[in-house]
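J.: Everything below, folded, please.
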Amino acid sequence: MAAGAARDGGGHISRMLALGEALRDRRTAVSLSIVGGRLGGDAARRATKLGLSEGPIPDGVVVVADLPRVGDAIGLAPWERLVVFDDANAFAGEAAIVVQPSLPSWTGPGSGGRVLAGYDYVPLARRYREIRGQGPAAPARATSETGNPLQILLSFGGSDPDLVTERIAPSLAGTGDDRAAWSVVALVGAGHREPVEIPGIAVVRDPPDLPERLVAADLVILGAGTMKFEAACLRRPAILVAAADDQLPVGPPFAATGAAMWLGDGRSVEPAWVRDAVVQLLSQPTRRDAMAARAGEIVDGRGAERLADAILGISADLL
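T.: So this is what the prediction gives:
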């Protein structure tokens, strides 16, 4: 079960699809329920590829709930059949497994028969692990070493309800000497308002090849949601800003690992600060290499597999 309302972004659905993929790899029956919205765009394509259709929760199954208002998970199933994602450390009920993928530990008021906390439990689609497995990341390019501009990818989630894209992207589209060193693509999700027009910036909506676009970027500028983990798995240096309230507490600890640079709340940060950070990082390929290496160390892309095995353990215990 995943939240699907536009205000909730696309991360909840993306995580459940990644987990569904890992469960299907283990020949497990999976159904998908969307709360407050419906599948669309690339999420719908991924679900179709997995053979998943939207529907109600069947009786007598293990229920995995990924909801921003995590209290809504209470009562979805008996505690021994309930798995809850709780990024905000807010779950006050009881569950067989509580998953906290965004922070090193879970400190919620409820209880879990088992707590799985930390970046090892971030569920990512298999494609990220496949790309990562093709070999080490290429050394970071310096602007002085090539006549081709460095590639910047900017994205703030599936819906970006506060239009952080429109706030930040124009600062990177100037015509000065710095601008000649890079090229910017802004990715917007299926839930982003239409149309999106930013002079000097290429805007792409809901691309089906997101992993390939991420790995090709020299630098990514992202919200502090699920996509930061996808970029980290692919060993991409990142600048992070919050695009929603729930990203404010999880962005700084991730950046503190050395895997990214944190600039604060994207809804209020000065866009010029973002540009300054871009100029700084693009001129420091050694620093970007260090960020990329650290990112790959803390997110290995196998979180969905670990979670699938834990969930199947619940099923085995109930037999």
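J.: ranges for the strands of this structure?
T.: 2-3, 34-35, 63-65, 82-85, 94-100, 111-117, 150-155, 182-188, 202-205, 219-223, 238-242, 260-265 (DSSP state E).
J.: Those: which one's closest to Ala73?
T.: Closest approach to Ala73 among the strands of the chain (CB to CB): strand 63-65, 3.8 Å. The way it works is simple: take the backbone N, C-alpha and C, and place the C-beta from them, glycine included.
J.: Parallel or antiparallel, which strands does the closest one pair with?
T.: Taking DSSP bridges as the criterion, strand 63-65 pairs within the sheet with strand 82-85 (parallel).
J.: what's in contact with the partner strand?
T.: Identification of contacts with strand 82-85 by CB atoms under 8 Å, 6 or more residues apart in numbering yields 12, 15, 62-67, 70, 73, 76, 91, 93-101, 112, 311, 314.
J.: What sits closest to the spatially most central residue of the chain if chain neighbours are left out?
T.: Residue closest to the average C-alpha location in the chain (CA atoms, centre = their mean): Thr226, at 1.4 Å. Here the nearest residue to Thr226 in space, its sequence neighbours aside, is Gly11; by CB to CB, 6 or more residues apart in numbering that works out to 3.5 Å.
J.: show me the contacts for the residue nearest to the centre of the chain.
T.: Each residue near Thr226 by CB under 8 Å, 6+ apart is listed here: 10-11, 14-15, 122.
J.: what's the lowest-pLDDT member of these?
T.: Taking pLDDT as the measure, those have their low point at Gly10 (80).
J.: what bits of the stretch 151-300 of the chain have low per-residue confidence?
T.: Counting by pLDDT under 70, the stretch 151-300 of the chain contains low-confidence ranges at 174-180.
J.: thinking again about what came up before, format the strands of the chain as TSV; extra columns: distance to Pro252 and mean neighbour count.
T.: Output for those, formatted as TSV (distance: least, CB to CB, whole Å; neighbours: other CB atoms under 10 Å):
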stretch	distance to Pro252	mean neighbour count
strand 2-3	24	24
strand 34-35	29	18
strand 63-65	26	25
strand 82-85	20	27
strand 94-100	16	25
strand 111-117	17	17
strand 150-155	20	24
strand 182-188	24	21
strand 202-205	29	14
strand 219-223	14	27
strand 238-242	9	26
strand 260-265	5	19
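J.: Roughly how far does the closest residue to Ser171 other than its chain neighbours sit from Leu282?
T.: The shortest distance from Ser171 to any non-neighbouring residue, by CB to CB, 6+ apart, is to Pro271 (3.6 Å). Here Pro271 is placed at a distance of 17 Å from Leu282 (CB to CB, to the nearest Å).
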